[in-house]
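Chemist: Compute the structure for the input listed below.
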Amino acid sequence: MQQDAGYYVIKKQAVPEVLLKVVEAKKLLESGKVKTVNDAADSVGISRSSFYKYKDDIYEFHDSLQGTTLTLTFQMNDEVGLLSYVLNLIAEFGANILTIHQSIPLNGVASISITIQVLPTTRDVMDMIDKMEKASGVHKVHISGRSATFA
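Modeler: Just a heads-up that it's a prediction; the model follows:
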């Protein structure tokens with residue numbers, strides 16, 4: 001049985017403290033204030049295992065992703081037209097593709113990294129990711145990076 005990887009928006013007060021601390025640890029690492037996961041975890045008062053357990057599952061929500069770049073990473077089956085489908089989906093949602101990196105497929109599966117620019121006209125990015133994940137042959141999509149765009 002496959003588990004649905006849906007998304008929820010909840011108020012900060014309802015989020016367990018350990019998850020909030022994971023977000024803080026990620027900020028410390030991204031800002032360069034600490035150099036290691038161990039230092040980040042110690043700084044916010046959580047274990048390294050808690051950090052690793054949740055680091056890919058929680059992100060700070062911003063009212064709008066407009067003005068940011070997102071890096072999406074995932075694996076997909078080596079099937080004719082599948083990458084084209086994903087790229088067309090990104091275009092359909094109105095995001096600008098900045099980079100595409102694809103590994104050579106091993107055992108019929110390729111690792112993909114696509115960086116997109118979210119524009120004022122871009123539709124809901126989470127809906128786009130949901131559609132990607134539902135495509136046959138596309139494996140779990142992660143937002144592996146997020147940053148402010150250049151002006």
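Chemist: and the residue lying closest to Tyr85 once chain neighbours are set aside, how many neighbours?
Modeler: Spatial nearest neighbour of Tyr85, chain neighbours left out: Ala135 (6.2 Å); criterion: CB to CB, 6 or more residues apart in numbering. In short, each C-beta sits where N, CA and C put it, glycine included. Burial of Ala135 is recorded as 15 neighbouring residues (other CB atoms under 10 Å).
Chemist: need the contact list for Ala135.
Modeler: 82, 85-86, 89 (CB atoms under 8 Å, 6 or more residues apart in numbering).
Chemist: contacting residues around stretch 35-48?
Modeler: Here stretch 35-48 makes contact (CB under 8 Å, 6+ apart) with 18, 21-22, 24-26, 28-29, 34, 50-52.
Chemist: Please flag which of the contacts of Ala135 sit within helices.
Modeler: With helices taken from DSSP state H, the overlap with the contacts of Ala135 comprises 82, 85-86, 89.
Chemist: and which of the residues you listed is nearest to Leu98?
Modeler: Val86 (14.6 Å; CB to CB).
Chemist: for the record, mean pLDDT for the lengthiest helix in the chain?
Modeler: Under DSSP H, the helix in the chain containing the largest number of residues is helix 17-31. If you average the pLDDT over helix 17-31, you get 90.
Chemist: Packing partners of that helix?
Modeler: Secondary-structure packing of helix 17-31 (3 or more CB pairs under 8 Å, 6 or more residues apart in numbering; DSSP states H and E): helix 37-44, helix 48-54.
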